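[1] Generate a structure from the sequence data that follows.
(one chain, ligands or ions: 1)
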Amino acid sequence: MTESNTKKVVAFGEVLWDCLPSGLFLGGAPLNVAYHASRLGATSYLASAVGKDFLGDEVVRRFEASGVQTDLLKRHPRWPTGASVASLDKSGDATYEILEKVAWDEIALEEEDSPILASADAFVFGSLAARTESNRSLLLGLLERTEALKVCDVNLRAPHDDLDLALSLLKRSDVIKVNDEELRRLVGGDEGEFLDCIKALNQKTGVDLICVTLGSKGAMLWRRGRFFSLPPDDISVADTIGAGDAFTAALTMGLLEKRGLEECLVRALKLSSFVASKRGAQPLYKPRKLFS
Ligand SMILES: OC[C@H]1O[C@](O)(CO)[C@@H](O)[C@@H]1O
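    Predicted coordinates:
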């Protein structure tokens with residue numbers, strides 16, 4: 001853990017360019033979390049890889065501009081920088097075809113990276129980057145060793161949405177963030193009462209802090225039987241890309257800053273609503289203004 005008040009957040013997993021008809025947008029759920037954690041005052045890192053190509057150079061440049069640290073961002077010797085072919089429906093929700101055999105599919109950390117990993121206050125991860133065997137074993141090793149708060153935003157993305165794998169990762173976390181559809185898929189409870197689904201996920205994973213985002217209905221935070229639920233801000237949606245990732249970042253920072261659970265939820269919803277009101281996952285903003 002860090003001594004100073006500045007929190008250290010390490011996110012693990014994909015960094016990629018979302019190719020939308022309107023252009024290329026930098027994304028990847030863990031990077032989006034690292035981006036917002038940095039804006040919210042953390043020193044943040046992304047453990048990932050980009051190719052030795054122009055798009056990889058551009059990622060490094062964007063990290064430097066946004067304050068995300070590049071120490072854990074490696075250059076893959078052969079594979080290209082990640083990308084997805086993304087499309088938006090009328091309500092601004094995105095679907096992604098996430099290309100394979102790309103740099104972040106083979107993240108390679110080194111001995112010299114250990115001090116950063118060992119001093120993290122939060123370690124944020126999802127299930128997509130674990131689609132390759134090498135990343136999976138790296139991630140499991142990191143989860144076993146870290147003393148940081150482990151936050152899993154499961155981020156199921158078809159066809160890389162192996163539910164057994166997702167559950168095995170969720171079991172290793174301290175905090176779970178899912179959306180309502182993911183929740184129902186993970187507990188196999190299409191018809192069930194919403195709260196029963198949360199309790200079922202708690203029983204399946206043993207994790208006591210579960211947050212569920214509900215799109216236009218807001219979000220719910222559940223901790224050992226107590227829960228808070230709030231509607232989102234009244235906004236007009238530009239696109240929902242990265243709104244859930246922003247939610248995870250604000251929730252993680254709120255928990256690290258020891259804010260009350262309800263305040264964590266208020267801030268997470270505020271930030272995710274703001275992101276949904278803008279195009280792309282990484283809009284500029286001043287947290288003081290946003291949360292005032
Ligand atoms: O990480 C997988 C996908 O999810 C997003 O991060 C949005 O949450 C996209 O930018 C990316 O293509």
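[2] Please list the residues of the stretch 1-150 of the chain that sit near the ligand.
    When proximity is defined as CB under 6 Å from any ligand atom, the stretch 1-150 of the chain approaches the ligand at 14, 16, 18, 27, 28, 29, 32, 84, 96, 98, 128. Just so you know, the C-beta spots here come from the backbone N, C-alpha and C atoms, and that holds for glycine as well.
[3] Which residues does the second one form beta bridges with?
    Put plainly, it is residue 16. residue 27, residue 82 (DSSP bridges).
[4] wait, it sits on residue 98?
    Yes: the criterion here is CB atoms under 8 Å, and residue 16 meets it with residue 98 at 7.1 Å.
[5] out of the two, which sits in the busier spot?
    Using other CB atoms under 10 Å, the more surrounded residue of residue 16 and residue 98 is residue 16, with 29 against 20.
[6] Can you tell me which residues in the stretch 151-292 of the chain are near the ligand?
    Contact residues (CB under 6 Å from any ligand atom) of the stretch 151-292 of the chain with the ligand: 157, 241, 242, 244, 245, 281.
[7] Any regions of the stretch 101-250 of the chain where pLDDT drops low?
    Scanning the stretch 101-250 of the chain for pLDDT under 70 picks out the ranges 189-191.
[8] ranges for the strands of it?
    Counting by DSSP state E, counting those that start in this stretch, the stretch 101-250 of the chain has strands at residues 122-125, 149-153, 175-179, 209-213, 219-223, 226-230.
[9] Can you tell me which of the ones you listed is most buried?
    The highest average neighbour count among these, using mean count of other CB atoms under 10 Å, belongs to strand 122-125 at a mean of 28.
[10] mind listing what that strand pairs with, with the direction of each?
    Within its sheet, and counting by DSSP bridges, strand 122-125 is paired with strand 8-12 (parallel), strand 149-153 (parallel).
[11] quick check, distance from it to the centre of its chain.
    8 Å (CA atoms, centre = their mean, to the nearest Å).
[12] Which residues outside it are in contact with it?
    For strand 122-125, the external contacting residues (CB atoms under 8 Å, 6 or more residues apart in numbering) are 7-13, 30, 33-34, 37, 117, 139, 142-143, 146, 148-153, 169, 173, 248-249, 252, 255-256.
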